[in-house]
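Asker: just a sequence and a predicted model for now, questions to come.
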Amino acid sequence: MEKYKDVIQKQRLYFSKGETKELSFRISALEKLQKLIKTHEQDIMVALKEDLNKTEFDSYLTEIAVLIEEIKFTLKNIQKWAKPRKVKSSLSTFGSKSFIYPEPYGVTLIISPWNYPFQLAMAPLIGSIAAGNTAIIKPSELTPHTSALMANLIGEYFPEEYISVVEGGIEISDRLLAEKWDYIFFTGSVPVGRIIMQAAAKHLTPVTLELGGKSPAIVHEDAHLTHAAKRLVWGKFVNAGQTCVAPDYTYVHSNIKELFIAEVKKAIKDIYTSDPMETGNFTKIVSDKHFHRLTAFLNNGQLEYGGRTDTEKRMIEPTILNDISWSDPIMEDEIFGPILPILEYSDLDSIIMKIKDRPKPLALYLFTESDKVQEAVLKHISFGGGCINDTVLHLSSPHLPFGGVGDSGMGAYHGKGSFDIFSHEKSMLKQSTKFDLPFRYPSEKALNTIKKLIK
């Protein structure tokens, strides 16, 4: 028997014993995970440097700090979340009391991506633990140092019948998906998300799909240009644009387009210096395949800034492409790299319609001081989540469930959202035995009584 099959069986048996459902056990496990992260901060950052050339600042901010905050928030609230809650009873259930019992699904599979390889494996694990499940994590083979570190650390802190990491490539993912799971959590691309859902359908397994898509940014003519440019540059080029909620393209109002581009150039130099590849502090592209896919876009439109590449280091400097149209290849799919296409508009309603004609994006960013413009965009465009006058930061808040809609995914997590998606809400009615209402049983008198009550 292959090892992962043995681990699945062990986890199923372990879950059946009920230990993971005990609140004290869940709290202890979360504290262990917190200790794992804090104790091995430096090891995590070294692995991320090896895999993606991430700076210590980016690694700590985007991969470690967000997890520590998430665990703290979960530990603070888990007793309230896990407690059965009383709800109102209806007229037809007079005399009863109604409750909702959150219960874990069982053995869960977490398939995590390469772009934030530590954070996007551990964040859903927090929810799985909090809800009382066991978990098997399948990290990406494209970030081998981080994957190996996670496997070693999880193996050191947790028994495999509770939490385990299974390393390997696509063939291992396929084999895992052929097994029966109680819940699957996947973060990755839209095409692979469809494969996950097909596999889950064979066993009617519930899923959360955190996908992606072309997330737009809109810079209206009344935007605070300096703030808009700096926040857009940070959100776009952090992790070399390899972020599922990165602004994929930017619509800029024609009246301020040139001024805005000048501010973007200045912001790139301020944040990343005039030669980020030379300093060695810019994240690299994860693989040769992705690198060559991205460099093919550099002849689209008009090169406004950047465009230099280093094949050996797999680096592309922050790049702006101007005069882009929807017919350019770069606009066909999610870019997932440090290239920002700029499109121009003069009429807000027209670009709202253009965005609505596309698959629903994971995120949207709007820069404006106008309440009317904000209302128009929020009312008419469907998207997973986003920011007004900022980028990306919405996903860092445990108070804001994060997830997509339509092609950009299903299900939302972070904070209580993580607990909820890994929990089944079991509804229970407790009826009184002190009396028995006669009109619940069929008779003409009972029917007349019910009709009077309903009216």
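Answerer: Cool, the structure landed.

Asker: just the pLDDT for residue 9.
Answerer: Listed pLDDT for residue 9 reads 97.

Asker: what's the distance between it and residue 155?
Answerer: 18 Å (Cβ to Cβ, to the nearest Å). All C-beta spots, glycine's among them, are computed from the backbone N, C-alpha and C.

Asker: just checking: what are the partner strands of the helix or strand that residue 252 is a member of?
Answerer: Assigned by DSSP states H and E, residue 252 belongs to strand 249-253. In the sheet, strand 249-253 lines up against strand 216-219 (parallel), strand 339-345 (parallel) (DSSP bridges).

Asker: can you give me the neighbour number for residue 17?
Answerer: By the criterion of other Cβ atoms under 10 Å, residue 17 has 9 neighbours.

Asker: so what pLDDT did it get?
Answerer: As predicted, residue 17 sits at a pLDDT of 97.

Asker: again with the one 5 residues further on
Answerer: According to the predicted model, the pLDDT of residue 22 comes to 97.

Asker: could you do the one 10 residues further on as well?
Answerer: The predicted structure scores residue 32 at 98 on the pLDDT scale.

Asker: got a list of what the residue lying closest to residue 431 once chain neighbours are set aside touches?
Answerer: Distances taken as Cβ to Cβ, 6 or more residues apart in numbering put residue 96 closest to residue 431, at 4.5 Å, once the chain neighbours are dropped. When contacts are counted by Cβ atoms under 8 Å, 6 or more residues apart in numbering, residue 96 is found next to 89, 429, 430, 431, 432.

Asker: swap the cut-off to 10 Å and go again
Answerer: 89, 90, 428, 429, 430, 431, 432 (Cβ atoms under 10 Å, 6 or more residues apart in numbering).

Asker: so which of the residues you listed sits lowest on pLDDT?
Answerer: Per-residue pLDDT puts residue 90 lowest of the contacts of residue 96, at 83.

Asker: CA atoms only: put stretch 263-272 into PDB for me.
Answerer: Extracted in PDB, the C-alpha atoms of stretch 263-272 (Å, rounded to 0.1, in the frame of the first residue of the first chain):
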ATOM      1  CA  GLU A 263       3.400  58.700 -10.400                       C
ATOM      2  CA  VAL A 264       3.600  54.900 -11.000                       C
ATOM      3  CA  LYS A 265       7.100  55.200 -12.400                       C
ATOM      4  CA  LYS A 266       8.200  57.200  -9.400                       C
ATOM      5  CA  ALA A 267       6.600  54.700  -7.000                       C
ATOM      6  CA  ILE A 268       8.400  51.800  -8.600                       C
ATOM      7  CA  LYS A 269      11.700  53.500  -8.100                       C
ATOM      8  CA  ASP A 270      10.900  54.500  -4.500                       C
ATOM      9  CA  ILE A 271       9.800  51.000  -3.500                       C
ATOM     10  CA  TYR A 272      12.000  48.700  -5.700                       C
END
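
Asker: give the buried residues for that stretch.
Answerer: Neighbour-count burial for stretch 263-272 flags 263, 264, 265, 267, 268, 272 (criterion: 16 or more other Cβ atoms under 10 Å).

Asker: now do the SS call for residue 324.
Answerer: Of the three states, residue 324 takes coil under DSSP: H, G, I helix; E, B strand; the rest coil.

Asker: run a quick neighbour tally on it.
Answerer: 22.

Asker: pLDDT score assigned to it?
Answerer: Value for residue 324, per-residue pLDDT: 96.

Asker: my guess is it meets residue 302, correct?
Answerer: Yes. Using Cβ atoms under 10 Å, residue 324 is in contact with residue 302, at 8.3 Å.

Asker: out of the strands paired with strand 249-253, nearest to residue 238?
Answerer: strand 339-345 (12.5 Å; Cβ to Cβ).

Asker: using PDB, write out every CA atom in that closest one.
Answerer: Extracted in PDB, the C-alpha atoms of strand 339-345 (Å, rounded to 0.1, in the frame of the first residue of the first chain):
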ATOM      1  CA  ILE A 339       3.700  43.300 -15.900                       C
ATOM      2  CA  LEU A 340       1.000  46.000 -15.500                       C
ATOM      3  CA  PRO A 341      -1.100  46.700 -18.600                       C
ATOM      4  CA  ILE A 342      -2.800  50.100 -18.700                       C
ATOM      5  CA  LEU A 343      -6.000  50.700 -20.500                       C
ATOM      6  CA  GLU A 344      -7.700  54.100 -20.900                       C
ATOM      7  CA  TYR A 345     -11.300  55.100 -20.400                       C
END
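
Asker: next secondary structure after it?
Answerer: Assigned by DSSP H and E, the successor of strand 339-345 is helix 348-356.

Asker: strands paired with the following helix or strand past that next one, and their directions?
Answerer: Scanning forward in sequence from helix 348-356 by DSSP H and E, the next helix or strand is strand 363-367. Note on strand 363-367: by DSSP bridges, its sheet partners are strand 216-219 (parallel), strand 385-388 (parallel).

Asker: packed most tightly, which of these would that be?
Answerer: Comparing the strands paired with strand 363-367 by mean neighbour count (mean count of other Cβ atoms under 10 Å), strand 216-219 ranks first with a mean of 25.

Asker: next, the buried residues of the helix or strand that it is followed by.
Answerer: Using DSSP H and E, the helix or strand that directly follows strand 216-219 along the chain is helix 225-237. Going by neighbour count (16+ other Cβ under 10 Å), the buried part of helix 225-237 is 225, 228, 229, 230, 231, 232, 233, 234, 235, 236, 237.

Asker: show me the contacts for residue 85.
Answerer: 98, 99, 100, 101, 102, 425.

Asker: show me which pair in those residues is furthest apart.
Answerer: Across these (Cβ to Cβ), the longest gap, 14.6 Å, separates 98 and 102.

Asker: thought residue 141 was touching residue 170, still the case?
Answerer: Yes. Using Cβ under 10 Å, residue 170 is in contact with residue 141, at 7.8 Å.

Asker: so for these two, which residue has more residues nearby?
Answerer: Using other Cβ under 10 Å as the criterion, residue 170 and residue 141 rank with residue 141 on top: 15 against 9.

Asker: name the element the more buried one belongs to?
Answerer: Residue 141 belongs to no helix or strand, assigned by DSSP H and E.

Asker: can you give me the distance of it to residue 198?
Answerer: Distance from residue 141 to residue 198, by Cβ to Cβ: 21 Å.

Asker: do residue 247 as well
Answerer: For residue 247 relative to residue 198 (Cβ to Cβ), the value is 31 Å.

Asker: residue 157 now?
Answerer: Where residue 198 is concerned, residue 157 sits at a distance of 34 Å (Cβ to Cβ).

Asker: between the two, point out the one with more neighbours.
Answerer: residue 157 (16 against 10).

Asker: thinking again about what came up before, give the rounded mean pLDDT of the strand holding residue 252.
Answerer: On average, strand 249-253 scores 98.

Asker: report the contact partners of the closest residue to residue 438 other than its chain neighbours.
Answerer: Nearest residue to residue 438, sequence neighbours excluded (Cβ to Cβ, 6+ apart): residue 446, at 6.6 Å. Neighbour list for residue 446: 437, 438, 439, 440 [criterion: Cβ under 10 Å, 6+ apart].
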